[in-house]
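A.B. asks: Here you go, sequence then predicted model.
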Amino acid sequence: MPDDLPDDVPAPSSLDSFVALGDSFTEGLHDELGPDGRHRGWADRVADGLATANGRVRYANLAIRGRLLDQVVAEQVPVALALKPALVSFNAGGNDALRPRADLDRLFSVYEQTVARLRENGSQVLLFTTIGPPRAPGDQVARGTARLIGRFTAYNDCVRRVAAAHDCVLADIGSAPALRDRRLWHEDRLHLTPEGHARVAAAALEALGLDGARLLADDSPTGWWREPLPARVAAGRLTDLAGDLRWAQTFLLPWIGRRLRGVSSGDSLLPKRPELIEITAARP
């Protein structure tokens, strides 16, 4: 159990309701499919862990892919305030940080104001630093990627400051180099694989003072989510370049096209869990 938990982190038994807010990271894209045909994601896994710890938990997930911070604040935060859950996870602003013209000072101000509102409403708030651009081991940092890393570094500094100022729970996944390993990321390089989601869920439960390995039915030791993957055999420069070109054609260009048209992949979607629904422990 972490030694630096905020003073008012609820005891595990009091975490009886959980609302997840955010974008595709929290929606859970590219994790395993759940019974409803939608991806599970780390938040669903955390809800299952809380249900195992307490016997049951009420859980809602309002996150929708592509959402910017202002959209999360306008669409999702009022619902969370009305539901008054014991725990709210809030992860938003990463999509904004990807945009070169984003006003980071304004972004960070809105972020902190929103966290303050959630805390003043009586919920404990779980925050995340961002992992940053994934890389294959040994990759050089390109100039454009270096600029993006700088923006994510500023974002993470904001998250850590806000978490400390408002006594939030912080899952500092951005400080774990292992999570930047491209093998933990879907081929679109924007979303996690199932193992990536499992690691984030373990990090979140650990931040809450819970034994994520036990609650997630994982035989790995506590803190396993920080451990690097086994060394890989280098694929060779030409193979890596071919992979980069496929990625650009398959994912980057369509993403740029959507930005130019002012549309998002989540425009027609509704939250997968819009109300607090009780989940019971799947195992003793």
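C.D. replies: Structure's in. What do you need?

A.B. asks: contacts, neighbours, all on C-alpha from now
C.D. replies: OK.

A.B. asks: for the stretch 101-250 of the chain, which spans come out with low pLDDT?
C.D. replies: Applying pLDDT under 70 to the stretch 101-250 of the chain picks out residues 135-144, 217-219, 232-250.

A.B. asks: where exactly do the helices run in it?
C.D. replies: 104-120, 143-165, 194-207, 212-215, 237-247 (DSSP state H, counting those that start in this stretch).

A.B. asks: Need the winner for burial among those.
C.D. replies: helix 194-207 (a mean of 25; mean count of other CA atoms under 10 Å).

A.B. asks: picking up where we left off before, go through the helices of the stretch 101-250 of the chain and name the closest to residue 45.
C.D. replies: Nearest to residue 45, of all the helices of the stretch 101-250 of the chain, is helix 194-207, at 6.1 Å by CA to CA.

A.B. asks: Quick one: neighbours of the residue nearest to residue 134 when sequence neighbours are not counted, just the number.
C.D. replies: Nearest residue to residue 134, sequence neighbours excluded (CA to CA, 6 or more residues apart in numbering): residue 180, at 4.4 Å. Residue neighbour count, defined by other CA atoms under 10 Å, stands at 21 for residue 180.

A.B. asks: now do residue 40
C.D. replies: Look at residue 40: counted by other CA under 10 Å, it has 22 neighbours.

A.B. asks: isn't it right next to residue 25, touching?
C.D. replies: No: applying CA atoms under 8 Å as the test, residue 40 and residue 25 come out as separate, 10.9 Å apart.

A.B. asks: Please convert the helices of the stretch 101-250 of the chain to TSV, extending it with distance to residue 73.
C.D. replies: Below are the helices of the stretch 101-250 of the chain laid out as TSV (distance: least, CA to CA, whole Å):
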stretch	distance to residue 73
helix 104-120	7
helix 143-165	16
helix 194-207	22
helix 212-215	29
helix 237-247	32
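
A.B. asks: what about the ones you listed, which gets the closest to residue 34?
C.D. replies: Among those, helix 194-207 comes nearest to residue 34, with 12.0 Å by CA to CA.

A.B. asks: what's in contact with the closest one?
C.D. replies: Contact with helix 194-207 is made by 1-2, 5, 28, 30-32, 41-43, 45-46, 49, 126, 169-173, 179, 184-185, 211-213, 216, 223-226, as judged by CA atoms under 8 Å, 6 or more residues apart in numbering.

A.B. asks: quick one: contacts for residue 41?
C.D. replies: 25, 26, 27, 28, 29, 30, 31, 32, 194, 197, 198.

A.B. asks: excluding its backbone neighbours, what's nearest it?
C.D. replies: residue 28 (3.4 Å).

A.B. asks: Now do the contacts for the one you found.
C.D. replies: 39, 40, 41, 42, 43, 197.

A.B. asks: okay, the second one: pLDDT?
C.D. replies: Turning to residue 40, the model gives it a pLDDT of 94.
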